[in-house]
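Asks: I'll drop the sequence and a predicted model, then ask my questions.
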Amino acid sequence: MLVILVSIITLSGFAQISVRKVAGNTDLSGKQGLFYALPSTYIKVELKLQKIEYLAGPYAEYAAKYLDMDDVITSDYDEYAILDAMISTVSVPDADQVFFATMDDKVAKEGNAVLFSLTQSGLAYDLRGNLPEKPFANMASLNIQSDAGNRDLFKYFAETNLYQQYDTIIRKVVVDTVTVEKIYLDQKWVEKTDEQKAVEAANKISQIRQARYNLISGYQEIAYEASTVAYMDQQLQKLEKEYMTLFTGISLNKTFSYTFFVKPTEPNETVPVCVFSERSGIKAADASGGEKVQLVLESTGDFSAVQSVVNKRNSANADNQGFYYRIPVMTHIKMALSKDLKVDVVFPISQFGVVTYLPPSATSVQFYESTGGVKSLLIK
């Protein structure tokens, strides 16, 4: 996070700060000062999905006939599952809570300078020049991880697609009332049918299994070392598995990471995030055909009494206001994705809280960057 340091004259003695809320009709002609904003809170939802792609083998329809196998993939389809979920918050400037701070004439007569720190997005951080402890990152990304073990799909499919066909042609030739039969062989290349290919693959599987039996039983009568026998058997098993996928099919695993940003507007509400389908994966929040992923927000306290007092105070001292700050509301956030996967957290939500101001004589203030609340202050 880039922090902008704005130099301001030291606010000592009886120096006064005057802060005004910026609205559409605010007239700041001839005024010298500094704009700053209070934060609003966005809820960041991160979902980790697993996608399994099931691909039917090219000889799936012959699996029962030649290998006596019924449990095979017969058509291509996808299957999704949510593996993990995480909720956090990020802070952004609230366009409805922008303020302009000016200093009285006494400030200009002081000789010492102080730094007023703002975040890159214009959020107030510190009147004393201190920097945030750690950078603020606000990034959304889609990350895909694939199963690298299935890059060569059906590598032994149709190793040779053609075969030689021989036809015998007999011609009868009459020479001087003598009939002579001449025999010719006609050779041509013919494309194999899928069933012929399946038969060849099934025969290859039988040969591999026989080779494994011969290896393990010592049929070859060669005293191989144990490690050599183990290696050859491993390679034969691998080869058999690759031929078997021509009948059983292949499943590919991929992992997706989705990030959503949601801005809550009411202390007690249900906020849609997206729609999840086991067949289609993640879809837009207003899409149909799936399970709605929602955030259930519940305020942990009622600040209506505080808000009423603050409203009266704000209107009674319209011309004698220091820096504005926020009192956030702790909010219970729940998200249920399945029977076994639930997220339950509590975070402060800035926009649900109360906005009020400090005395004009508050000369050194440090704010919580995430909420806009006062962390520490010095009043002279």
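Replies: Thanks, I have it.
Asks: Can you get me a residue count around residue 74?
Replies: A total of 13 residues lie near residue 74 under the criterion other Cβ atoms under 10 Å. Just so you know, the C-beta spots here come from the backbone N, C-alpha and C atoms, and that holds for glycine as well.
Asks: Going by neighbour count, which residues in the host helix or strand of residue 208 are buried?
Replies: Of the helices and strands defined by DSSP states H and E, residue 208 is found in helix 194-217. Taking 16 or more other Cβ atoms under 10 Å as the basis for neighbour counts, the residues of helix 194-217 that come out buried are 197, 198, 199, 200, 201, 202, 204, 205, 208, 211, 212, 215.
Asks: Closest one to residue 19 out of those, please.
Replies: residue 201 (79.8 Å; Cβ to Cβ).
Asks: How about the contacts made by that closest one?
Replies: With contacts defined as Cβ atoms under 8 Å, 6 or more residues apart in numbering, residue 201 is in contact with 59, 156, 243, 246, 247.
Asks: can you pick the most crowded of those?
Replies: For these, neighbours tallied by other Cβ under 10 Å; top is residue 59, 28 neighbours.
Asks: what about residue 325, which SS state?
Replies: Under DSSP: H, G, I helix; E, B strand; the rest coil, residue 325 falls in the strand class.
Asks: Pretty sure it sits against residue 359.
Replies: No: judged on Cβ atoms under 8 Å, residue 325 makes no contact with residue 359 at a distance of 11.7 Å.
Asks: Please enumerate the helices of the stretch 201-350 of the chain.
Replies: According to DSSP state H, counting those that start in this stretch, the stretch 201-350 of the chain carries its helices in the segments 226-248, 304-316.
Asks: From residue 359, how far off is residue 353?
Replies: Here residue 353 is placed at a distance of 20 Å from residue 359 (Cβ to Cβ, to the nearest Å).
Asks: Look at those two and report which has more neighbours.
Replies: For the pair residue 353 and residue 359, the greater number of neighbours falls to residue 353 (25 against 15), based on other Cβ under 10 Å.
Asks: Pick out the shakiest of the helices of the stretch 201-350 of the chain, pLDDT-wise.
Replies: Mean pLDDT is lowest for helix 304-316 out of those, coming in at a mean of 80.
Asks: got the contact list for that helix?
Replies: Applying Cβ under 8 Å, 6+ apart, the external contacts of helix 304-316 come out as 321, 327, 354, 355, 356, 357.
Asks: can you rerun that using 6 Å?
Replies: By Cβ atoms under 6 Å, 6 or more residues apart in numbering, the residues outside helix 304-316 that reach it are 354, 356.
Asks: Give me the phi and psi for residue 57.
Replies: When quoted as degrees, to the nearest 10, the phi and psi of residue 57 stand at phi -70, psi 150.
Asks: Now for residue 32: which residues touch it?
Replies: Residue 32 makes contact with no residue under the criterion Cβ under 6 Å, 6+ apart.
Asks: Bridge partners for residue 77, pull those for me.
Replies: Beta-bridge partners of residue 77, counted by DSSP bridges, are residue 54.
Asks: show me what contacts residue 248?
Replies: Residues in contact with residue 248 (Cβ under 6 Å, 6+ apart) are 57, 72.
Asks: That one and residue 201, how far apart?
Replies: Taking Cβ to Cβ as the criterion, residue 248 is separated from residue 201 by 11 Å.
Asks: So what pairs up with the nearest residue to residue 351 once chain neighbours are set aside in the strands?
Replies: Once its chain neighbours are removed from consideration, residue 351 has its nearest residue in residue 40; the separation is 4.6 Å (Cβ to Cβ, 6 or more residues apart in numbering). Residue 40 forms beta bridges with residue 92, as assigned by DSSP bridges.
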